[in-house]
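**Q** Predicted model, plus sequence, below.
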Number of protein chains: 2
Amino acid sequence: MDEEVKLHGFWPSNYVYKVIWALKLKGIKYEYIEEDLSNKSDLLLKYNPVYQKVPVLVHGGKPVPESSVILEYIEDTWPQPYPLFPEDAFDRAMARFWINFGNEKGLVFYSFFKAGQGQKEEAAKQVLEVLKTLEEHGLGSKKFFGGESINAVDLSFGFLPYWFECIEEVLGIKVIESTSLPRLHSWLENFKEEPLIKENCPDGEKLLGHMKKVRASFRVD
Amino acid sequence: MDEEVKLHGFWPSNYVYKVIWALKLKGIKYEYIEEDLSNKSDLLLKYNPVYQKVPVLVHGGKPVPESSVILEYIEDTWPQPYPLFPEDAFDRAMARFWINFGNEKGLVFYSFFKAGQGQKEEAAKQVLEVLKTLEEHGLGSKKFFGGESINAVDLSFGFLPYWFECIEEVLGIKVIESTSLPRLHSWLENFKEEPLIKENCPDGEKLLGHMKKVRASFRVD
């Protein structure tokens, strides 16, 4: 009872899915609690007073906020089965490097999503530049960032399928193509084909509808 | 020979000092290599092609860039003596949470440093807000973020003494005072009094001169 695992989430959040995938990969049972972000629960405000955001993982009554921190917590607490980080210290450092890279470049993706008609092409170029760096230095010739199987880095870039594809559709610009980013494009297809990911992803039409609403709320077009 | 430790740094960089302090706390011998950032060495470009920045720690020929990643690598590789992170998984998650908080809020401090005459007061208010959150939720009533002794979180906020104090002096605005942030102010004094920190810090006058030059290069006054 004391070791209960609960996840406070919001269905269209890619950050929440990072945690859902990690828990599923580890085979950890948890209770999912959907938050209404327009009317945040007292529990969420208590659990994450600094950011007041999902996801928050609550384990044995103790709240851990922020998806990157949660992935490390899950790994520290349940190292087996299915390690999310490489065992070798250097490889582990490189995994953290690319996770931080993704976090740091979040603004570039957000700027693309928010770009007005006249800025869309330039914003897309900046996203492409980030993804080229990720492809060349991060992914290389591997199937997954984790090698033959997905790890925490793959989960961290799990917003590229589904979420980023919705943004591309809403804006009418395709950035990740087999011509522009061949290896990242293959990664994206491989990632979506992983049974565990396939079985645990947001409904495509519903997510697209949500992303269209968010885009409309920016009032930039 | 194969396990040689080298640190590529730049003397006024607070990110480099995070790593120097961590290595000293662990008692790890290393060779320090000063980089000329106006004429970066081929080695630095090879070791950190993504950011082309210091610090880079090179261990047995393998380069680890980025100060937060390096602290984790040092902990993973040399867990003893002097653990930099708490042993308990929850406390470790909270340490990572505050380190990420510091990284995420870096722009607020940078905006203060770059603020023009008319924006200085507003920028200082935003820094104060960040530091109040850090004081209330992060430091609490502890002597150090690490409790009775300094840990990776303390090192990560090690830019507040020296570097941020120089910025305050250059801008003529004091943000961290015993009246505005009593507990963080005490932390700052305690941190500076730690023998290992005291013995390994940049020369105050030289750092102030450097920070004045950087501020002048912004051409905002």
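**A** That came through fine.

**Q** List of residues touching stretch A:176-193?
**A** Residues from elsewhere that reach stretch A:176-193 (CB atoms under 8 Å, 6 or more residues apart in numbering or on different chains): A:128, A:131-132, A:134-135, A:139-141, A:143-145, A:150, A:154, A:158, A:160-162, A:164-165, A:168, A:175, A:197-198, A:201. C-beta coordinates here come from the backbone N, C-alpha and C atoms, glycine included.

**Q** Next one: stretch A:24-34, is it in contact with chain B?
**A** No - using CB under 8 Å from any CB of the partner chain, stretch A:24-34 never reaches chain B; the gap is at least 13.5 Å.

**Q** And the next helix or strand past the lengthiest helix in chain A?
**A** Secondary structure of chain A per DSSP state H: the longest helix is helix A:89-104. Once the chain leaves helix A:89-104, the next helix or strand it forms, by DSSP states H and E, is helix A:106-114.

**Q** list the contacts for the closest residue to A:R215 other than its chain neighbours?
**A** Computed as CB to CB, 6 or more residues apart in numbering or on different chains, the closest residue to A:R215 that is not its neighbour in sequence is A:V170, at 5.0 Å. A:V170 makes contact with A:113, A:208, A:211-212, A:215, according to CB under 8 Å, 6+ apart.

**Q** element containing A:V170?
**A** Per DSSP H and E: A:V170 is located in helix A:165-171.

**Q** buried stuff in that helix?
**A** By 16 or more other CB atoms under 10 Å in any protein chain shown, the buried positions in helix A:165-171 come out as A:165-168, A:170-171.

**Q** Domains in chain A, by residue range?
**A** A:5-77, A:89-218 (automatic domain parsing).

**Q** do you know which of the ones you listed lies nearest B:R96?
**A** Of all the domains of chain A, domain A:5-77 sits nearest to B:R96, with 4.9 Å by CB to CB.

**Q** Show me which of the buried residues of helix A:165-171 is closest to B:G9.
**A** Once CB to CB is applied, the member of the buried residues of helix A:165-171 that ends up nearest B:G9 is A:I167, at 39.1 Å.

**Q** So what's the residue count around the closest residue to that closest one other than its chain neighbours?
**A** Counting by CB to CB, 6+ apart, A:I167 lies nearest to A:F113, which is 5.0 Å off, once chain neighbours are set aside. A:F113: 20 surrounding residues under other CB atoms under 10 Å in any protein chain shown.

**Q** Following element in sequence after the host helix or strand of A:K120, please.
**A** According to DSSP H and E, A:K120 maps onto helix A:120-133. Counting by DSSP H and E, the next helix or strand C-terminal to helix A:120-133 is helix A:152-156.

**Q** which residues touch that next one?
**A** With CB under 8 Å, 6+ apart as the criterion, helix A:152-156 contacts A:18, A:21-22, A:67-68, A:71, A:75, A:84-85, A:95, A:98-99, A:102-103, A:138, A:144-146, A:187, A:191.

**Q** Any residues of chain A in contact with chain B? List them.
**A** A:49-50, A:59, A:62, A:64-66, A:68-70, A:72-73, A:76-77, A:89-90, A:92-94, A:96-97, A:100-101, A:103, A:133, A:137.

**Q** Extract the C-alpha set from stretch A:30-40 and format it as CSV.
**A** The C-alpha trace of stretch A:30-40 is given here as CSV (Å, rounded to 0.1, in the frame of the first residue of the first chain):
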residue,chain,number,x,y,z
TYR,A,30,0.5,2.3,-11.5
GLU,A,31,-2.7,4.3,-11.1
TYR,A,32,-3.2,7.0,-13.7
ILE,A,33,-4.9,10.3,-12.6
GLU,A,34,-6.0,12.6,-15.3
GLU,A,35,-5.6,16.3,-14.4
ASP,A,36,-7.8,19.1,-15.6
LEU,A,37,-5.1,21.7,-16.4
SER,A,38,-7.7,24.5,-16.6
ASN,A,39,-8.6,23.6,-13.0
LYS,A,40,-5.5,22.0,-11.4
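
**Q** where does that stretch sit relative to the chain's centre, distance-wise?
**A** 18 Å (CA atoms, centre = their mean, to the nearest Å).

**Q** what about the helix or strand containing A:K46, average pLDDT?
**A** Per DSSP H and E: A:K46 is located in helix A:42-47. What helix A:42-47 shows for mean pLDDT is 96.

**Q** Give the other helices and strands that that helix contacts.
**A** The contact analysis (3 or more CB pairs under 8 Å, 6 or more residues apart in numbering or on different chains; DSSP states H and E) places helix A:42-47 against strand A:5-9, strand A:56-59, strand A:62-65.

**Q** circling back: identify each buried residue in the helix holding A:K120, please.
**A** For helix A:120-133, a neighbour-count test (16+ other CB under 10 Å) marks A:120, A:123-124, A:126-128, A:130-131 as buried.

**Q** out of the residues you listed, who's nearest chain B?
**A** A:V130 (10.3 Å; CB to the nearest CB).

**Q** ok, A:P182 to chain B distance?
**A** 20 Å (CB to the nearest CB, to the nearest Å).

**Q** pretty sure A:Y32 is in a strand, no?
**A** Yes - counting by DSSP: H, G, I helix; E, B strand; the rest coil, A:Y32 is found in a strand.

**Q** A:E75 is in contact with A:L84, correct?
**A** Yes - using CB atoms under 8 Å, A:L84 is in contact with A:E75, at 4.8 Å.

**Q** For these two, indicate the residue with more neighbours.
**A** Neighbours per residue (other CB under 10 Å) separate A:L84 from A:E75, with A:L84 holding more: 22 against 19.

**Q** so who does that one touch?
**A** A:L84 sits in contact with A:22, A:25-26, A:71, A:74-75, A:151-152, A:155, where contact means CB under 8 Å, 6+ apart.

**Q** what pLDDT does it get?
**A** Value listed for A:L84 in the pLDDT field: 98.

**Q** just A:D221 next, same as before
**A** 69.

**Q** Give me the phi and psi angles of the closest residue to A:I197 other than its chain neighbours.
**A** Closest residue in space to A:I197, ignoring its immediate chain neighbours: A:F191 at 6.0 Å, by CB to CB, 6+ apart. Dihedral angles of A:F191 (phi, psi; degrees, to the nearest 10) stand at phi -60, psi -50.

**Q** Please consider this matter closed, and thank you.
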